[in-house]
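Mind folding the following:
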Amino acid sequence: METNTSTAADWPLDALRLAKGTTTVSVVLPARDEERTVGAIVSTIRRDLAELVDEVLVVDSRSTDATAARAAEAGARVVRQDDVLPELPPLSGKGEALWKGLAASHGDVVVYIDSDLRNFGAHFVSGLLGPLLTDPRIQFVKGAYERPLRGRRGEGGRVTELVARPLLNLFWPELAGFVQPLGGEYAGRRSALESVPYVTEYGVEFGLLVDLLEKVGLDAMAQVDLGSREHSHQSTAALGRMSGQIMLTAWSRLERQGRIVASEPPATLLRQFNPDTFTNVSVAERPPLASLSAVMEEDVA
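From the prediction side, this is the model:
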């Protein structure tokens with residue numbers, strides 16, 4: 001990671017425009033009830049990155065507010081999550097929206113940006129594009145940033161520090177150099193992203209890192225420091241459910257890689273005591289999009 005880490009300032013827009021050539025770029029934003037922030041993010045991309053970004057796609061993940069309208073007014077193409085590949089049984093979760101966004105977008109390079117960012121700047125996209133547009137070896141780029149919690153530096157990313165980072169250091173230490181393994185800002189070549197499965201729930205970022213490490217290798221992965229990231233924070237109970245999904249995602253990768261053999265599958269029911277509730281934290285997966293496309297082409301033939 002010493003050679004594949006940079007900052008957003010290392011990738012000025014003029015240089016990226018020259019490097020882009022005929023490569024097409026899609027920015028995909030998964031969005032559920034983000035009417036307060038999604039419009040400003042889309043507007044910034046359309047205004048400041050018009051020569052770099054060919055498509056801005058918002059995947060409306062069953063919003064109950066005006067998310068879709070605000071995104072469309074700002075200039076995005078909006079698709080409803082359940083309208084993409086409607087022949088498949090519908091699933092839920094952030095990973096489902098990301099996978100559907102990959103299927104609905106057209107760019108050679110796909111950039112994922114969360115829709116709840118309050119301090120979004122064009123450098124979030126241009127920084128992630130830098131290594132991909134200038135180095136053909138790079139297949140995947142992850143955003144790195146400071147995540148303050150209520151103004152306190154270093155206090156954000158609680159699930160990252162308590163769950164994801166220990167798991168990575170234990171079982172995939174090659175990935176320990178990623179500052180924000182669970183961050184929602186990252187980009188990849190379509191060919192790489194379509195070659196791996198997507199966990200449909202909050203384990204999606206963890207699963208992508210582990211699967212892409214196995215698929216393309218660490219030398220093809222990079223990270224870019226984007227500065228500071230400000231967004232909405234979830235409750236401790238919600239973070240507990242997220243943690244359960246990430247742990248199950250890690251478990252499935254260990255089994256798949258033949259590194260763990262269990263006499264029975266792990267339990268997926270999480271009991272939380274405040275309030276006293278039981279939640280199923282099991283995670284589903286969408287297959288690599290490339291494999292699904294191949295099957296569909298065979299059916300048509």
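
use CA for all of it now, contacts and neighbours both
Fine.

And the strands in the stretch 101-250 of the chain?
According to DSSP state E, counting those that start in this stretch, the stretch 101-250 of the chain carries its strands in the segments 109-112, 140-146, 186-189, 198-199, 221-228.

So what touches the second one?
Contact partners of strand 140-146, identified using Cα atoms under 8 Å, 6 or more residues apart in numbering, comprise 124, 128-129, 131-132, 153-154, 178-181, 183-189, 192, 220-229.

ok, back up a step: which one of the strands of the stretch 101-250 of the chain lies nearest to Glu73?
Glu73 lies closest to strand 109-112 among these, at 20.0 Å (Cα to Cα).

Can you spell out which helices and strands pack onto the closest one?
Counting contacts by 3 or more Cα pairs under 8 Å, 6 or more residues apart in numbering; DSSP states H and E, the secondary-structure elements packed against strand 109-112 are strand 25-31, helix 123-134, strand 186-189.

among the strands of the stretch 101-250 of the chain, which is the most enclosed?
Compared across those, strand 198-199 shows the largest average neighbour count, a mean of 27 (mean count of other Cα atoms under 10 Å).

Tell me which residues touch the residue nearest to His106 when sequence neighbours are not counted, please.
The spatial neighbour of His106 that comes closest, neighbours along the chain excluded (Cα to Cα, 6 or more residues apart in numbering), is Ser26 at 6.6 Å. Residues touching Ser26, when contacts are defined by Cα under 8 Å, 6+ apart, comprise 53-57, 105-111.

ok, of the residues you listed, which come out buried?
Buried residues within the contacts of Ser26, counting neighbours by 16 or more other Cα atoms under 10 Å: 53-57, 105-107, 109-111.

Quickly check those residues for the two that are furthest apart.
Leu57 and Val109 (13.0 Å).

What lies in contact with stretch 5-14?
Outside of stretch 5-14, the residues that reach it under the criterion Cα under 8 Å, 6+ apart are 123-124, 126-128, 130, 222-227.

How far does it sit from its chain's centre?
The chain centroid and the centroid of stretch 5-14 are separated by 20 Å under Cα atoms, centre = their mean, to the nearest Å.

And the residue nearest the centre of the chain?
In the chain, the centroid-proximal residue (Cα atoms, centre = their mean) is Gly184; its distance is 4.5 Å.
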